[in-house]
Structure formats: structure tokens, C-alpha cells
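Asks: take a look and give me a structure for this.
(chains A and B)
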Amino acid sequence: MTQATYNGVLNLAAGAFLLAAVLIVWRHELRATVRLLAWQGLALAAIPLTEGVYHHDAALITVGAVVLLLRSVALPLLLTRAVGTEDHERRESTPLVNTTTSLIITAGLTVLAYAVTRPIIALDPSPATRAVPAAFAVILIAVFVMVSRRRALSQAVGFMMLDNGIAATAFLITAGVPLIVELGASLDVLFAVLVLGLLTGHMRRTFGDTDLAQLNELRG
Amino acid sequence: MSILLLVPILAPLLAAALAAALGWRRLSASVTVLAALLVLTSGAVLGLRVQSGARLGVGNLLRADALSVTMLIIIGTVGTMATWASIGYIDAELTGGHTDRRGANLYGVLVPIFLAAMALAVLANNVGVMWVAIEATTVATAFLVGHHRSRAALEATWKYVVICSVGIGLAFLGTVLLYFASLHAGASSGNALNIDVLLAHASRLDPAVTRLGAGLLLLGYGTKAGLVPFHTWLADAHSQSPAPVSALMSGVLLSVAFAALLRIKSVVDLALGTGFLRTGLLIVGLLTLATAASLLVVQTDFKRMLAYSSMENMGFVAVAAAAGTNLAIAALLLHVLAHGIAKTLVFLSAGQLQAAHDSTEISDVTGVLARSPLIGIAFAVGLAVLLGLPPFAMFASELSISRALSGAHLQWALGAALLLVVVAFAALARNGARMLLGPPEASSPVIAVPGSVAAALVTGVILSVAVGLTLGPLGQLFHTAATQLGGSQ
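Replies: Modelled structure (predicted):
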């Protein structure tokens, strides 16, 4: 792989990664957002795979394959199963912030991500590090999705997006964390999403709905 | 060395495996108590070996130093009491129909896994592994918080998992940035996250990246330690959990997360000087104290009252850590030990009160001392410790922390903290007196105390008094921990 192809593929992956996040903000159909999340997982996996091929690093390619399986297949499948079958369950309820405002906020967060990541790029101005603002933007957008959505599943999607953003940052700036940490972290995320999926099911059985506005008993 | 380091992690895991195989039985529950005792014992044995410095083992992944030994002793002590009380607590729930066989089995498996994750968190030499262990405590406790399957329990579980996962996610981002800075400071990729390597390279860490990482780590681990701004899960989770789990979460999980912050602080202080995290800890510590004190004043639910008291104490501990001197850190460790034992006492007695009254309203409970001397005395002793009354240990620790704060020229912070502690004191004392004193009403239900809960409570009362009277070798251990964490004189 030449330097130019490497740069191109890396930038394409980072761009697609950020685009998926913006589309998740735009769409309110739960199945559609989970599908977008799978695409985002694919873009994420492309980062370690590209770096692995470019640097001839077999371990990194293996990690990329695991990431692909976990974040683009396994976790989205888990979430799809948690989407309700009833009509009103399949869409985000009236969002707290309307779509236009959401997209403007998303743009603002992306600019903020560029400002926050300046010290990181200053320390190591390599092509991979230059893409790190996209990963940070996804992290900020994910937090925004989590606070502005009302369906339990949307929060789970936001959480996974947050995690994708953190994983992308790790791959871009350090070519991934040490293997034992990577394995442990992936396992934790898998379990956390599993727990969220199960809780969504419990919630549907107990409340007959997964609108988080129902969670209003505990205060003070 | 390696074997000794693995015992506190493997013993609870084996107990979990046994519980998974047998289900909720007297045998598996007793083995869990034994595993918690083993955590305590291995902490004590390791304590004899770490005076001269940190010992590493298992390919440098694990580390025993005075801080991890202190934390193991706290986990072991509270763990033993809580798992012992669990036997009677869960049996009573099964007889009363408050939980079913499946719920009890799950409880039996998850509690020891929770203990193992906490032991790994304090023994980890790699800050990445430490992160994995602390996130694992969230996953392990999720269904423990939701044990009662009610609407409120489900709501508490959801908030707990979502808020803690986001918070701890930020800590992971901070860890990644620390790794990045460590690699650029010349560490090799395999061990760049090891605490000994980070300490050795600390002076060459890039300040701007380290600042960003340290800020995220403070927010992230602060979430699990119940500090502002991501503290909103705490009162819900602690009040909805079964009593022994509340004791574990409030008594040790918070301080385990705070111990992670102390580890990070020892590295960051070397890289950036003490100013950066001192400012951060003062801000979150004082805001946490203020939030907890104001919510304590208006509290009408006794389990939530105890939860906010934990927040108040963690806020105070954060302010103590900001002072950062040897005296402050040693006192802080005494504070979390005494707090752990006292919170176990009050949460376990609160569990029996809740079971008797089928309510957690303060106004529903009165005359406890006259109705059940054991529960009354245990609750009263626990509260007395939490209020910082002499001769109990938190009197000494609060005094030392105050001295340390004025020694570090933080009189203004000391003034603000003490004011808020007094507000919290008044609220706790007033509500405690209302529940404990007074003549029992004729209609008051009988407070049942299962044998194992009684045993745990008696142990807790004896320990509270003992730690108040003399620390023995623990005093030396706390000072060693402070020195090893790089506290200044």
C-alpha cells in the first residue's frame, strides 16, 4: 500500500465514521439507526485494518477483524433484537430537540472537536492523528444523542456510538491500546450492551413502553 | 508473590463458579463469605511485605503496594460482613416471597464476581486493566441493583448502567490519551500503561495531552466515586439495591473508584505539578459536598439519606486528596475504612427496617432502639461514626484532614467544607434521632433479625469501636501508602 492510498483510505474511513454519526442524529427510525451503527462499525474496523496492512502488523489486522465482527455484526444484532415489534415502539418518540436544531448542534460539536484535539495533533502530526478530530466529534455527538433522545434503545445506540468514538481515537493516535486492555474493554462493552438490551426488554414488560419519560419515580 | 496477588481475585471467582453450579445454597453462600475473608487475609499478609516498596507480579500486570493492601483490607472487611449478612437476607426474602429461586441464584453468582472485580481494580498495575476491572463492577452490579424487579428498581438500574458507562467511557478516553503521551515519552508499547513505567516517564509526558487526559480521568472515575457532575445515579442505585449490596457499593465500590483516582493523581502530579488536579478535586469535592448536604436536608427516605451521606463523605475525601500531603492521604484512607464499616452497619440495619415496615420513609419508622436493641444499637453506632463523634475513627480522620488542609494553605476550602459537613451533620442527626428514639407505637411491626445479619452487625459494631480506639499496624500502613503515593510532608 502506498503512502497516498493509506492516507486516502484512512481519511475516507474517518469521514464515513463521522457521517454515520450525523445520519444517526438525522434519522428517528430505530432500525435505521441501528443499521447506521453497523456501518459506523465497519468504518471503525477499516482504521486498524488499513494501518495493519500499511505497517505490516498482523496483530493489528486481527484486532481489526475482531472489531469488525463485534461492532458491525454482533452488537447491532443484539440491539436489533431489542427493538420492539409494536409500531409506536419502532420510532423515537417526539424528540426533545428538533432535527434542524440537532444538526446545527452537531456541526457546532464538530468544530469544538477540532479545537479540543489541537494538543494531540501538535504532539504527533501524522496522517492518522490528523483524523482524530472526527473521532472526537463522534464522541461529543454521541453524548448529545444520549441526552436528547427519549427511547431506551436510542440511549443504547448513543452509548455504542460513544464507545466507537473512543475506540477510533485509540486506533488513530496509538494504533490501539495493548492487547489485554483491548480484549478486556471489548468484553466489557459487549456485556454492557447485553445488559442494556435485557433491561430494555424488562422495561417493555414492566412499563409496556420504552419511553424514558416513564422513569420518573425516583427523585430528590 | 504472584500466587499471593492472585488469591484475592481467584478466590471470589471460584466462589462464583460454585454458586453457579449449586445455585443459592447455604454451602455456596458460606464459601462466598470464606472468599471475602481470604481477600482480607491476603491483604493482611501482603501488608507485611510492602513496607519497603511496591511488589509486582504476574508479568507486571498486578501490583501490591500499601494503597492496594489498604483497599484489599477494606474490600475484605466490608465484603465479609456483607456476604455473611446476605445469607440471612436472601433466605428471608425467599421465605417472604420477595424474590424467587432465579433471583437468589443470580445474586449468589454476581456478588462474588463483584468482589473479584474490585480486588482486580485495586491490584492492577496497568491502568488499562484497572479501567477494565472498574467497568466490570458496573456490569456485575447492574442486575444486583435491579434485584427487586420493581419499577423503581428498574429505573435505578437503567440510570446506573447508562450514567456509569458513559462516565467510565470518558475515563477510557483519558486512559488512551495517557497511553499516547506515555508512548511519546519513550515508553514501549507493551508496558506504557503500567503504573511503574508511567511514574518513571512522568516528567517527560506532554503537558497539554496529559491535562486533557487527566481531566477526563477525573470526570470518569469521579462518576463511579459519586462525584459531581455525574453523581445522579448514586442515590437511586444505593437506595434500590438489596441491603448487603448497598453496603458493598456505598462502603467499598466508591472508595475503590477513588483509589483509582489516587493512582492517576500520583502520575499526573509528577507530570503537571500538584496544581492541576488540586484545582479539579477541590471543585468537584466542594460541589459534591454542597449537593449532598442540600439534598440531605430535604430527605424523607432513610436509604436515600444514607446514599447522600456517602456522597458527602466522598466529597470530603476529594477535598482531602486535593491537599495531597502525607497527613491528608493517610487520614483519607482511615476515613474510607471507617466509612466502609459504618455504612455496612447502617445499610444492613436499614434493610431490616425496610423489610419490617415495607417502607423506606423516615416518618414511618420510630422507636427503633426500644423495639430492637440490636438493630437500634447497630444503626446508632453506624450513625455516630458517620457523624464523626469521638471516640470513633472518623473523628480522628476529620480532625487530621482539617489540619492537613490548613497546613496546605487551603483554609478557605476547609471553611467551606466544614460548613457543609455541619449542615449534613444536623440533617443526619435529626433524622437519626427521629428514627431511633421515642416510645414504640403499639401498631409498630416486629423487626426481625436473621442470625447471620445479627452476626455481621455485631462484628461491625466491634470493629467500629476497635478502629476508633486503636489502629495498630494500620496507622503505619496508611502512612506508607501516603509516602508511596508521593504525598509531600
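
Asks: contacts only, for A:Arg71.
Replies: A:38, A:40-41, A:44-45, A:160, A:164, A:167 (C-beta atoms under 8 Å, 6 or more residues apart in numbering or on different chains). Bear in mind the C-beta positions are built from the backbone N, C-alpha and C, glycine included.

Asks: again with B:Ala350
Replies: Contacts of B:Ala350 by C-beta under 8 Å, 6+ apart are B:243, B:246, B:302-303, B:306, B:360, B:379.

Asks: repeat that for 6 Å
Replies: By C-beta atoms under 6 Å, 6 or more residues apart in numbering or on different chains, the contact set of B:Ala350 is B:302-303.

Asks: pLDDT on the strand or helix carrying it, on average?
Replies: According to DSSP states H and E, B:Ala350 maps onto helix B:326-357. Averaged across helix B:326-357, the pLDDT comes to 96.

Asks: list the buried ones in it?
Replies: For helix B:326-357, the neighbour count (16 or more other C-beta atoms under 10 Å in any protein chain shown) marks B:326-356 as buried.

Asks: the helix of greatest length in chain A vs chain B: in contact?
Replies: Longest helix in chain A, counting residues (DSSP state H): helix A:179-207. Yes - contact between helix A:179-207 and chain B, assessed by C-beta under 6 Å from any C-beta of the partner chain, occurs at A:181, A:184-185, A:188, A:191-192, A:195, A:199, A:202, A:206.

Asks: where does B:Asp301 fall, phi/psi-wise?
Replies: B:Asp301 adopts backbone torsions of phi -110, psi 130, taken as degrees, to the nearest 10.

Asks: give me the neighbour count for the closest residue to it other than its chain neighbours.
Replies: Of all residues not flanking B:Asp301 in the chain, B:Thr360 sits nearest, at 4.9 Å (C-beta to C-beta, 6 or more residues apart in numbering or on different chains). Other residues near B:Thr360 come to 20 when the count uses other C-beta atoms under 10 Å in any protein chain shown.

Asks: and if you look at the one 3 residues further on?
Replies: Residue crowding around B:Ser363 was assessed by other C-beta under 10 Å; the count is 12.

Asks: need the pLDDT of the residue lying closest to it once chain neighbours are set aside.
Replies: Excluding the flanking residues, the one nearest B:Ser363 by C-beta to C-beta, 6+ apart is B:Thr300, at 6.8 Å. pLDDT for B:Thr300: 94.

Asks: so which residues on the stretch 101-250 of chain B come close to chain A?
Replies: Residues of the stretch 101-250 of chain B lying near chain A by C-beta under 6 Å from any C-beta: B:128, B:132, B:135, B:139, B:142, B:151-152, B:154-155, B:158, B:161-162, B:165, B:169, B:172-173, B:176, B:179-180, B:183-184, B:206, B:208-209, B:236.

Asks: OK, contacts around the residue nearest the centre of chain A?
Replies: The residue lying closest to the centre of chain A (C-alpha atoms, centre = their mean) is A:Met161, at 1.9 Å. Taking C-beta under 6 Å, 6+ apart as the contact definition, A:Met161 lies against A:Ala142.

Asks: swap in B:Thr77?
Replies: B:Leu40.

Asks: relative to B:Gly460, how far out is it?
Replies: 9 Å (C-beta to C-beta, to the nearest Å).

Asks: could you say what helices and strands the one helix or strand in chain A whose mean pLDDT sits lowest packs with?
Replies: Ranked by mean pLDDT, DSSP states H and E, the weakest helix or strand in chain A is helix A:179-207, scoring a mean of 87. Packed against helix A:179-207 by the contact rule (3 or more C-beta pairs under 6 Å, 6 or more residues apart in numbering or on different chains; DSSP states H and E) you find helix A:75-82, helix A:152-174, helix B:127-145, helix B:151-184.

Asks: now the ones you listed as TSV including distance to A:Leu12 and mean pLDDT?
Replies: Shown next, in TSV, are these (distance: least, C-beta to C-beta, whole Å; pLDDT from 0 to 100):
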stretch	distance to A:Leu12	mean pLDDT
helix A:75-82	21	89
helix A:152-174	13	93
helix B:127-145	29	95
helix B:151-184	23	94
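
Asks: which parts of stretch A:46-57 are buried?
Replies: Applying a neighbour-count criterion of 16+ other C-beta under 10 Å, one finds A:46-54, A:57 buried in stretch A:46-57.

Asks: what about the helices in chain A?
Replies: Taking DSSP H as the criterion, chain A carries its helices at A:3-26, A:30-55, A:58-67, A:75-82, A:99-116, A:118-123, A:127-130, A:132-148, A:152-174, A:179-207.

Asks: out of those, which one sits most buried?
Replies: Each of these was assessed for mean neighbour count using mean count of other C-beta atoms under 10 Å in any protein chain shown. The highest is helix A:152-174, with a mean of 26.

Asks: show me which residues of chain A are close to chain B?
Replies: Within reach of chain B by C-beta under 6 Å from any C-beta, chain A has these residues: A:119-120, A:123, A:155, A:159, A:162, A:166, A:169-170, A:173-174, A:177, A:181, A:184-185, A:188, A:191-192, A:195, A:199, A:202, A:206, A:215, A:217-218.

Asks: how about low-confidence regions in the stretch 351-489 of chain B?
Replies: The model of the stretch 351-489 of chain B has pLDDT under 70 over residues B:487-489.

Asks: switch to 90 and redo it
Replies: Within the stretch 351-489 of chain B, the segments meeting pLDDT under 90 span B:438-444, B:472, B:486-489.

Asks: which stretches in it count as helices?
Replies: B:368-371, B:373-386, B:393-407, B:411-436, B:451-469, B:473-484 (DSSP state H, counting those that start in this stretch).

Asks: next, the buried residues of the third one.
Replies: Spelled out, that is helix B:393-407. For helix B:393-407, burial by neighbour count (16+ other C-beta under 10 Å) applies to B:393-398, B:400-405, B:407.
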